[in-house]
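Visitor: Provide a 3D model corresponding to the input given below.
(one chain, ligands or ions: 1)
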Amino acid sequence: MKSALAFMAVLTTLTTCSCSNNSTTTMSTITVKKTEFGKMPDGTAVNVFTLTNAKGVEARIIEYGGILASLKVPDRNGAMGDVVLGHDTLPDYTSDNKTYFGALIGRYANRIGGATFTLNGTKYTLPANDNGNSLHGGPQGFDKKVWTGKELPDGVELTYKSADGEAGYPGTLTAVVSYHLTDANGLVIHYTATTDKDTVVNLTNHSYWNLKGDGDILGNLLTIPADRYTPVDAGLIPTGVLAPVDGTPFDFRKPTAVGARIAQDDPQLKLGHGYDHNWIVNRTGPGSVLAARVEETTSGRVMEVYTDQPGIQFYTGNFLDGTVKGKGGKSAQLHSALCLETQHYPDTPNKPDFPTATLKPGDKYDTTTEFRFSTK
Ligand code: BGC
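Guide: Numbering: from 1, shown residues only. Sure, this is the predicted structure:
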């Protein structure tokens, strides 16, 4: 609720912007600048939108994949540092088929078991790209598309129209996702989508956070105020059980170092090669709540995640193995970042008991997540 109010407050301070190519627009205290980031092989220009607030917090978002390419926030001494993994150039992003660094994920984020689901009695088959399952919308998901960006007074609005049948999904889906920077050092991501046929949708952002800007995240103090999570099978598909975290290494209800229990002899940690699971966001009703908090004690940086979504995937970069080179040519090593992906539970289209991810014509998918930064 707190975040929803902050979000509303930002929106009410806005006035109109004169949006054009390569322009700079200043409204309230947020500056939005659009420049060219690169060109796709077919010549399509990909722009980057740089959002800056009065405190010098800077977010860069590119039209390819709607990727959050960098986010600079202050440490406890005021020194700015980039807290997301990513690449330096467009070809580095387009040739990365492994990480999903910073990208908007769709049409269905996370996994769909057996790469198939049935909706209204019709079976839909998706391209399998993860041990026979569909991961993150398949090999040509929304992370691989060029979105159309438009400057907003405090951010950028990105639109992508996914054709009926694209990547196996029914219905033309129009996704409009906006990133907003706030004066309170928050990055708000507002996702909407509409369809012309019944379909399933689950959008998220796949940023890899490293609040120190270097090293691994095993010492980060993590809080996930959730009583339950969704255990998985060998393919990382939820079994359907909502299991209590109590007495397990999945209990992050009190701040705990990410690495404190990651190597424990726990069957679920073994299946995930670390943490790669969905937690059930504790809530008493609809609206935005704190779903996770990360504290990095050397820099003092703190990130809080507020969302109205039912779940959050916590992933410790278990498949980063040094083969992908990120910014500055630096290899992305095991556990060099963590992901906190707000979402519907994985495999919801095959799990009638999970909160539904079905979108119908005339209805609007409308969800907001805020990443809020401070220091301690
Ligand atoms: C998934 C991981 C997967 C990763 C790919 C995460 O959202 O949970 O299993 O390997 O995305 O970057």
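Visitor: contacts, neighbours, all on C-alpha from now
Guide: Will do.
Visitor: Could you report the neighbour count for whichever residue of the stretch 1-150 of the chain sits closest to the ligand?
Guide: Nearest residue of the stretch 1-150 of the chain to the ligand, counting by Cα to the nearest ligand atom: residue 99, 4.1 Å away. The burial count assigned to residue 99 is 18, neighbours taken as other Cα atoms under 10 Å.
Visitor: got a list of what it touches?
Guide: By Cα atoms under 8 Å, 6 or more residues apart in numbering, the contact set of residue 99 is 320, 324.
Visitor: pretty sure it is in a helix, no?
Guide: No. Applying DSSP: H, G, I helix; E, B strand; the rest coil, one finds residue 99 to be coil, outside a helix.
Visitor: how about it, phi and psi?
Guide: Residue 99 adopts backbone torsions of phi -100, psi -30, taken as degrees, to the nearest 10.
Visitor: cool, residue 327 as well?
Guide: phi -60, psi 140.
Visitor: pLDDT value on it, please?
Guide: At residue 327, the model reports a pLDDT of 98.
Visitor: ok, now which ones touch the residue nearest to it when sequence neighbours are not counted?
Guide: In space, and not counting its chain neighbours, residue 327 is closest to residue 87: 4.7 Å by Cα to Cα, 6 or more residues apart in numbering. Residues counted as contacts of residue 87 (Cα under 8 Å, 6+ apart) are 69, 93, 325-328.
Visitor: Tell me where the stretch 151-300 of the chain has strands.
Guide: 155-162, 173-181, 186-195, 199-200, 204-206, 221-223, 228-230, 243-244, 256-257, 276-280, 289-295 (DSSP state E, counting those that start in this stretch).
Visitor: Contacts for the last one, please.
Guide: Around strand 289-295, the neighbours that count as contacts under Cα under 8 Å, 6+ apart are 1-3, 211, 220-226, 281-283, 301-308, 312, 340.
Visitor: so which residue of the stretch 151-300 of the chain comes closest to the ligand?
Guide: For the stretch 151-300 of the chain, Cα to the nearest ligand atom, closest residue to the ligand: residue 276, 5.1 Å.
Visitor: quick one on the thing from earlier: among the strands of the stretch 151-300 of the chain, which is nearest residue 131?
Guide: Shortest distance between residue 131 and the strands of the stretch 151-300 of the chain, using Cα to Cα, is found for strand 276-280: 15.3 Å.
Visitor: With just CA atoms, put the closest one into PDB.
Guide: C-alpha atoms of strand 276-280 as PDB (Å, rounded to 0.1, in the frame of the first residue of the first chain):
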ATOM      1  CA  ASP A 276      15.700 -21.200  -7.600                       C
ATOM      2  CA  HIS A 277      12.200 -21.300  -6.100                       C
ATOM      3  CA  ASN A 278       9.000 -19.400  -5.800                       C
ATOM      4  CA  TRP A 279       7.800 -18.000  -2.400                       C
ATOM      5  CA  ILE A 280       4.100 -17.300  -1.700                       C
END
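Visitor: Close to the ligand: what parts of the stretch 201-350 of the chain are there?
Guide: 276, 315, 319 (Cα under 6 Å from any ligand atom).
Visitor: Quick check: the closest residue in space to the second one that isn't next to it in sequence vs residue 116, distance?
Guide: Translated: residue 315. The spatial neighbour of residue 315 that comes closest, neighbours along the chain excluded (Cα to Cα, 6+ apart), is residue 276 at 4.3 Å. Going from residue 276 to residue 116 by Cα to Cα, to the nearest Å gives 21 Å.
Visitor: ditto for residue 240
Guide: 16 Å.
Visitor: again, but for residue 106
Guide: Taken as Cα to Cα, the span from residue 106 to residue 116 is 15 Å.
Visitor: neighbour-wise, which of these two wins?
Guide: residue 106 (25 against 20).
Visitor: what about stretch 291-308, distance to the chain center?
Guide: On the basis of Cα atoms, centre = their mean, to the nearest Å, stretch 291-308 sits 15 Å off its chain's mean C-alpha point.
Visitor: Contacts only, for the closest residue to residue 67 other than its chain neighbours.
Guide: Using Cα to Cα, 6+ apart and skipping the chain neighbours, the partner closest in space to residue 67 is residue 103 (4.1 Å). Contacts for residue 103 (Cα under 8 Å, 6+ apart) come out as 65-68, 143, 205-207.
Visitor: Most distant residue from the centre of the protein?
Guide: Distance from the centre of the chain peaks at residue 121, with 30.9 Å (Cα atoms, centre = their mean).
Visitor: Kindly provide the distance from it to residue 359.
Guide: Residue 121 is 16 Å from residue 359, by Cα to Cα.
Visitor: go on, residue 46?
Guide: From residue 46 to residue 359 the distance is 30 Å (Cα to Cα).
Visitor: cool, residue 366 as well?
Guide: With Cα to Cα as the criterion, residue 366 and residue 359 are 11 Å apart.
Visitor: Specify which residue of those two has the higher count of neighbours.
Guide: Regarding residue 366 and residue 359, a neighbour count based on other Cα under 10 Å identifies residue 359 as having more, with 21 against 15.
Visitor: check contacts around the more buried one.
Guide: Counted by Cα under 8 Å, 6+ apart, residue 359 has contacts 194-195, 198-201, 365.
Visitor: Report the separation between it and residue 51.
Guide: For residue 359, the distance to residue 51 - Cα to Cα - is 31 Å.
Visitor: cool, and residue 45?
Guide: 19 Å.
Visitor: out of these two, which sits in the busier spot?
Guide: Shown here are residue 45 and residue 51; by other Cα under 10 Å, residue 51 has more neighbours (30 against 16).
Visitor: Wait, that one touches residue 62, no?
Guide: No. With contact defined as Cα atoms under 8 Å, residue 51 does not reach residue 62; the gap is 11.4 Å.
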